[in-house]
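Asker: Kindly generate the corresponding structure for this input.
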Amino acid sequence: MFRPDRIAQTLNPTDAQRSALDSLNEATRKAADFLKANCPTGQTLTPPGRVSAMEHRLNAMQAAIKTVQPALENFYKLLTDEQKARFNLLGSQQS
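Answerer: Presented below is the predicted three-dimensional model:
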């Protein structure tokens, strides 16, 4: 789960980093809303229907990734090496 408050607490971001983190938070929210609206939730009983639903979900996930990735890359490039190490550790602790 994306936790901007935990990221901010761990990294103590500068103003520029905080702005990029806010943009990442907004992109993540948009991607989550998009997935909720575009991923089929009903079950289909036929194999072709299941494959079609899977394709629709994968396309929605790819679109969501394209929403989040630029904001994440922008935020990450603004971090110092020490902050990157702490940020990377955050991700591994959530697994």
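Asker: pLDDT on stretch 45-63, on average?
Answerer: Per-residue pLDDT over stretch 45-63 has a mean of 92.
Asker: What residues sit buried inside that stretch?
Answerer: 53, 60 (16 or more other C-beta atoms under 10 Å). All C-beta atoms are positioned from the backbone trio N, CA, C, and that covers glycine.
Asker: what's the next secondary structure element after the host helix or strand of residue 73?
Answerer: Using DSSP states H and E, the element containing residue 73 is helix 47-77. Using DSSP H and E, the next helix or strand after helix 47-77 towards the C-terminus is helix 81-94.
Asker: quick one: contacts of that next one?
Answerer: 1, 6, 7, 10, 11, 13, 17, 76, 79 (C-beta atoms under 8 Å, 6 or more residues apart in numbering).
Asker: show me the contacts for residue 60.
Answerer: Here residue 60 is in contact with 34, 35, 38, 39 (criterion: C-beta under 8 Å, 6+ apart).
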